[in-house]
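Undergrad: Sharing a model prediction with you, sequence too.
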Amino acid sequence: MNRRSPYGLLIAQAVSVTGTRMSVVALPWFVLQTTGDALLTGVTAFVEMAALVTARILGGPLVDRIGPRTASVGGDLIAGLVLGVVPLLYAADLLAYPVLLVLVGLVGVFRGPSDNAKYAMVPDVAATAGWSNERAAGLADSVHRLGSMIGAPLGAVLITLVGAPAVIALDAASFLLAAALVMTLVRIRRTEPDPAQAGHRSGVGGYLADLTAGLRFVRHDPLLRAIVAMVLLTNLLDQALTTVLIPVWAAERFHDAAPLGIVFGALSAGAVVGSLLVSVYGARLPRWRTYAVAFLLGAVPRIFVLALPVGLPVIAGVALAGGVLLGAINPLVAAAEFERIPANLRARVLGAVSGLTWAGIPLGGLVGGVLASTLGATGGILAVGTAYLLVTLDPLIRRRTWRLMNRPAPTTTLVSVPG
């Protein structure tokens, strides 16, 4: 068994996510410092996210064509070089805002397929090590969450020590390091192309055919349709909470930003624990039941507790417990996706699923703003909590569809015994 490949991929993901989260803090701060304009800061974030989401959907066929390992290395390499131009041009006093916007958009364009490629490699490297899909997906999700937890505060600290341009340069270096790690440590077997797709492997028409094949697979698969619809809505509601409603709640109730860090930190810490638990015990858990209960009990109480007259320690405790349950969700979904999606379609289907589920995120802040301005923070939280409750009941209501998450029944071979 080859264990170098999965650990190499996990380390590359850790480096990439940590660097990206540092840049998530440093880039807006850099734009705000250099332009003094909050609107331009928001435009920069929008351009990067829009390019990233679009590239994840449109780049799937490319990843399937050239292979996820090549796409991961190439995407990280180009993204790192492009991002590295930002601090260089700034140091030379040549960085105009339109140029920055183009560079940030290009980083998103190349980061999207690279991130998608790393995700698509998880079942392949798991197979080389003899790991279950739950274990591999749980470890990958744990690394992603841990990198997110470390990267953002580390970026904030480094900004005060060395400045935002230097932190952006470190993120560029993290892309290059991730590319080097995948190139030297990760080995996977290249999946042979589907003969049915052989006639569509060149030209724009062929690329569009490949892209359509991925979207068509999502449309025709009942479980993937259910996952996209549910996660799209919960992502939108989560964005409304995290970007608007909870900050307004903290300002109104505590007149301090510290509760934000405590609540979000407790939720994130619990999610890391939950992902790690699934990586160890996930192969023995019933997927559908665990997913349904974890989503319902992990998500809903941590929202409604914000409206109760309880202290911050209780709220943080509920967030921590909810995080443990929510940490189980992504690995279980990923394990089911890896089993249902043919290997030769994996990158384009996973790219379509992730892009579609992220489509509601840009609207989430707008929804949160409307709710906060019309119902107030507490009223908006109750409205989002009620909507979340209705959405998370879906796996318990449409059981026939969601039971498709469960592992395929083992096939048995009948052996004739001479009489």
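TA: Noted; the coordinates are in hand.
Undergrad: alpha carbons only for contacts and neighbour counts from here, please
TA: Fine.
Undergrad: Can you name the residues in contact with the helix or strand harbouring residue 183?
TA: Assigned by DSSP states H and E, residue 183 belongs to helix 164-185. Helix 164-185 is contacted by residues 4-5, 8-9, 11-13, 15-16, 19-20, 22-23, 26-27, 29-30, 69, 72-74, 76-77, 79-84, 86-87, 90, 155, 158-159 when judged by Cα atoms under 8 Å, 6 or more residues apart in numbering.
Undergrad: Extract the C-alpha trace of stretch 216-235 and format it as CSV.
TA: Taking Å, rounded to 0.1, in the frame of the first residue of the first chain, the C-alpha atoms of stretch 216-235 are listed here in CSV:
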residue,chain,number,x,y,z
ARG,A,216,-26.6,16.3,-17.1
PHE,A,217,-25.2,13.7,-14.6
VAL,A,218,-26.1,16.0,-11.7
ARG,A,219,-29.6,16.6,-13.2
HIS,A,220,-30.4,12.9,-13.6
ASP,A,221,-29.0,11.7,-10.3
PRO,A,222,-31.7,12.1,-7.6
LEU,A,223,-29.2,12.1,-4.7
LEU,A,224,-27.0,14.7,-6.3
ARG,A,225,-30.0,16.9,-7.1
ALA,A,226,-31.1,16.7,-3.5
ILE,A,227,-27.6,17.5,-2.2
VAL,A,228,-27.3,20.5,-4.5
ALA,A,229,-30.7,21.9,-3.5
MET,A,230,-30.2,21.4,0.2
VAL,A,231,-26.6,22.7,0.5
LEU,A,232,-27.4,25.7,-1.8
LEU,A,233,-30.1,26.8,0.6
THR,A,234,-28.1,26.2,3.7
ASN,A,235,-25.0,28.0,2.3
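Undergrad: tell me what the worst-scoring helix or strand of the chain on mean pLDDT is packed against?
TA: Ranked by mean pLDDT, DSSP states H and E, the weakest helix or strand in the chain is helix 38-58, scoring a mean of 79. Where contact means 3 or more Cα pairs under 8 Å, 6 or more residues apart in numbering; DSSP states H and E, helix 38-58 is packed against helix 4-35, helix 97-129, helix 346-357.
Undergrad: Turn those helices into a markdown table, including mean pLDDT, distance to residue 293 and mean neighbour count.
TA: Output for the helices and strands packed on helix 38-58, formatted as a markdown table (pLDDT from 0 to 100; distance: least, Cα to Cα, whole Å; neighbours: other Cα atoms under 10 Å):
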| stretch | mean pLDDT | distance to residue 293 | mean neighbour count |
| --- | --- | --- | --- |
| helix 4-35 | 85 | 28 | 22 |
| helix 97-129 | 90 | 25 | 22 |
| helix 346-357 | 87 | 21 | 26 |
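Undergrad: Give me the buried positions along stretch 75-94.
TA: 75-87 (16 or more other Cα atoms under 10 Å).
Undergrad: which residues of this protein score low on pLDDT?
TA: Along the chain, the model assigns pLDDT under 70 to residues 1, 38, 189-205, 257, 409-419.
Undergrad: Specify the local secondary structure of residue 295.
TA: helix (DSSP: H, G, I helix; E, B strand; the rest coil).
Undergrad: Domain boundaries for this structure, per the record?
TA: 1-184, 212-405 (automatic domain parsing).
Undergrad: Adding distance to residue 206, write the ones you listed out as a markdown table.
TA: A markdown table is the format used below for the domains of the chain (distance: least, Cα to Cα, whole Å):
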| stretch | distance to residue 206 |
| --- | --- |
| domain 1-184 | 10 |
| domain 212-405 | 10 |
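Undergrad: Kindly calculate the angle that the helix holding residue 183 makes with helix 4-35.
TA: Angle of helix 164-185 versus helix 4-35, following axes from the mean of the first three to the mean of the last three Cα atoms, to 10 degrees, is 160 degrees.
Undergrad: Please state the offset of helix 164-185 from the chain centre?
TA: 19 Å (Cα atoms, centre = their mean, to the nearest Å).
Undergrad: what element comes up after it heading to the C-terminus?
TA: helix 203-220.
Undergrad: for that next one, which positions count as buried?
TA: In helix 203-220, counting by 16+ other Cα under 10 Å, buried: 206-215, 217-218.
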